[in-house]
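[1] Curious how this folds, go ahead:
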Amino acid sequence: MPRFHQDSKITALKRSPLFEGLTRKHLVEVARLTDDLEMPAGTILCREGSYGHEFFVIIDGEAKATRDGQELTTFHAGDFFGEIALLERTRRTATVTAVSELRCFVVSQQAFASLLHADPTIERKVLRTVVRRLVALSGDPTVP
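    Numbering: from 1, shown residues only. Now for the predicted structure:
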């Protein structure tokens with residue numbers, strides 16, 4: 001039985017730029033892939049340099065991201081991290097540790113890949129979003 005209501009998950013997923021082009025129907029499909037987790041303070045959610053396999057969305061609690069021992073940011077309810085792990089097998093750029101008891105949900109890379117394979121429309125929309133973000137970040141004034 002899920003701990004978090006599906007509508008809460010959909011609202012949280014909408015905040016991620018990776019999913020901005022998806023319809024509500026598609027977001028429902030992504031929400032169905034999620035696993036709900038509760039972790040005590042001190043739990044390491046992901047470790048800098050290790051390969052990422054999931055995308056995290058915090059529902060309650062707080063987590064800190066550090067790189068080379070230096071604090072980068074604090075994540076609170078509604079924040080997310082790890083979305084690149086859904087699309088590419090790459091190393092984590094930071095360690096994220098629960099500061100307080102943490103309630104979150106995760107989407108695994110494997111489950112997301114299965115969804116993309118089953119529904120290529122979602123894959124195309126996600127890839128378009130990624131391309132638009134790369135173009136915007138390129139700073140190339142010749143690109144409209």
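[2] ok, residues contacting the one helix or strand in the chain whose mean pLDDT sits lowest?
    Least confident helix or strand, the chain: helix 120-138 with a mean of 81, by mean pLDDT, DSSP states H and E. With C-beta atoms under 8 Å, 6 or more residues apart in numbering as the test, helix 120-138 has contacts from 17-22, 26, 29-30, 87, 115-117, 143. For the C-beta atoms, the positions are set from N, CA and C on the backbone; glycine is no exception.
[3] Now list the buried members of these.
    Buried members of these, counted by 16 or more other C-beta atoms under 10 Å: 18-19, 21-22, 26, 30, 87, 115-116.
[4] In space, what's closest to T97 - neighbours in sequence excluded?
    I44 (5.2 Å; C-beta to C-beta, 6 or more residues apart in numbering).
[5] What ranges does this protein have for its helices?
    6-14, 24-32, 109-118, 120-138 (DSSP state H).
[6] Those: which one's closest to F55?
    Evaluated with C-beta to C-beta, those place helix 109-118 nearest to F55, the distance being 7.5 Å.
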